[in-house]
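Visitor: Output the structure for:
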Amino acid sequence: MIFVTVGTTLPFDDLIRQVDRLVERGEIHEPVVCQIGTGSYRPRHCQYFDFQPTLDPWYQEASVVVAHGGTGTVLELLGLQKPFVAVANPRAVDDHQVQFLRKLESVGSVLWCRDLEKLPAYLLEAPGHRAQGLPYCSLARHLMERLEDNRNGRAAKGPGSFHVERFPSGKTERKSA
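Guide: This is a model prediction of the structure:
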């Protein structure tokens, strides 16, 4: 199964539409599930959903993931060592996804599809691609642990860690951990 994720904040109908077209034309031969987020395009040839509490089961089941170029998603996939193809969402503010993917591609960490017409070739290449630049994987693990700690209300630990105290008056104060 191929899993496609566009994230939660920006629509990426062009990506979903192209994947749907590829399935319709028979250029993708396995089932496809799309997380379409806030997009308005509803695929006719793929299963889809808007949001789920976690994408982990989809990542685990997928042979390949096609992902928007968001930092959190890309770092999570690198940490999981899951074969994936990244596609920058042109709606992303200040082109940060392009800059991020350009850097990761330069060290061999990511397959970056710049042209949706070429997506089938990237899907064929992805299963054999092994990310280089392993420091990014350890960074991904570290960041994902911090994000998980934050999501679960646990204070971060270690140098540079801090927490925010909230007082009854509504005032907040940042304190070193």
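Visitor: switch to C-alpha atoms for all contacts and neighbour counts from now on
Guide: Noted.
Visitor: And the contacts of the helix or strand where residue 103 lies?
Guide: Taking DSSP states H and E as the criterion, the element that holds residue 103 is helix 96-106. Here helix 96-106 makes contact (CA atoms under 8 Å, 6 or more residues apart in numbering) with 69-71, 86, 88-89, 110-112.
Visitor: now stretch 31-42
Guide: By CA under 8 Å, 6+ apart, stretch 31-42 touches 1-13, 16-17, 23, 46-51.
Visitor: And the helices in the chain?
Guide: With DSSP state H, the ranges of helices along the chain come out as 13-24, 56-61, 71-80, 96-106, 119-125, 135-151.
Visitor: want to throw those into a markdown table with distance to residue 34 and mean neighbour count?
Guide: Below are the helices of the chain laid out as a markdown table (distance: least, CA to CA, whole Å; neighbours: other CA atoms under 10 Å):
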| stretch | distance to residue 34 | mean neighbour count |
| --- | --- | --- |
| helix 13-24 | 7 | 19 |
| helix 56-61 | 10 | 14 |
| helix 71-80 | 14 | 19 |
| helix 96-106 | 20 | 17 |
| helix 119-125 | 15 | 16 |
| helix 135-151 | 23 | 15 |
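Visitor: Dump those helices to JSON lines, plus mean pLDDT and distance to residue 30.
Guide: Shown next, in JSON lines, are those (pLDDT from 0 to 100; distance: least, CA to CA, whole Å):
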{"stretch": "helix 13-24", "mean pLDDT": "98", "distance to residue 30": "8"}
{"stretch": "helix 56-61", "mean pLDDT": "97", "distance to residue 30": "12"}
{"stretch": "helix 71-80", "mean pLDDT": "91", "distance to residue 30": "20"}
{"stretch": "helix 96-106", "mean pLDDT": "91", "distance to residue 30": "26"}
{"stretch": "helix 119-125", "mean pLDDT": "97", "distance to residue 30": "11"}
{"stretch": "helix 135-151", "mean pLDDT": "62", "distance to residue 30": "28"}
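Visitor: With distance to residue 33 as extra columns, can I get these in TSV?
Guide: TSV is the format used below for the helices of the chain (distance: least, CA to CA, whole Å):
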stretch	distance to residue 33
helix 13-24	10
helix 56-61	8
helix 71-80	16
helix 96-106	23
helix 119-125	14
helix 135-151	24
